[in-house]
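Undergrad: Generate a structure from the sequence data that follows.
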Amino acid sequence: MVVGTCVLKIVLPGVQSLKEKRQRLGGLMVRVRRKFNVACAELDDNDTYNHATLGLACVSNRRAHAEQVIRSAAEWIESNVDGEVSELLVEIL
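TA: Residues are numbered from 1 along each chain as shown. Sure, this is the predicted structure:
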């Protein structure tokens, strides 16, 4: 079993409340889950309205497949988030 993980730190400029932050991230997380069949959750910065830390996870029987899915999902988030990804950490276990 191979597990692929990714942590993305995102800066959300212009967000003025936690409600607005969750509206922006909620739709994004639902779409990435459906499109790439990965687990996605907000990991940190829960009470900070202009920063978010998202985590992705994928389980596969092949290392190459897990890495491809995680990297594709991370790239998709980078191009679809209404903000900027400031850090990206991918790990394949």
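
Undergrad: contacts, neighbours, all on C-alpha from now
TA: OK.

Undergrad: tell me the contacts of the residue most central in space within the chain?
TA: In the chain, the residue lying closest to the centroid (CA atoms, centre = their mean) is Leu54, at 4.2 Å. Going by CA atoms under 8 Å, 6 or more residues apart in numbering, Leu54 touches Val7, Leu8, Lys9, Ile10, Cys40, Ala41, Glu42, Leu43, Asp44.

Undergrad: gap between the third one and Thr48?
TA: Okay, so that is Lys9. 12 Å (CA to CA, to the nearest Å).

Undergrad: between the two, who's got more neighbours?
TA: When Lys9 and Thr48 are compared for neighbours, Lys9 comes out ahead with 20 against 11, by other CA atoms under 10 Å.

Undergrad: Make sure that one is indeed in a helix.
TA: No. If the criterion is DSSP: H, G, I helix; E, B strand; the rest coil, then Lys9 is strand and not within a helix.

Undergrad: which residues pair with it across the strands?
TA: Lys9 forms beta bridges with Thr53, Glu87, as assigned by DSSP bridges.

Undergrad: Let's see the pLDDT reported for it.
TA: What the model reports as pLDDT for Lys9 is 94.

Undergrad: which residues sit in contact with it?
TA: The contact partners of Lys9, taken as CA under 8 Å, 6+ apart, are His51, Ala52, Thr53, Leu54, Val85, Ser86, Glu87, Leu88.

Undergrad: Also Leu43?
TA: If a contact means CA under 8 Å, 6+ apart, then Leu43 has Ala52, Thr53, Leu54, Gly55 as its contacts.

Undergrad: returning to that earlier point: pick the one among the contacts of Lys9 closest to Val30.
TA: Proximity of the contacts of Lys9 to Val30 (CA to CA) peaks at Leu54, which lies at 12.4 Å.

Undergrad: Now that closest one. Nearest residue, chain neighbours left out?
TA: The shortest distance from Leu54 to any non-neighbouring residue, by CA to CA, 6 or more residues apart in numbering, is to Glu42 (4.5 Å).
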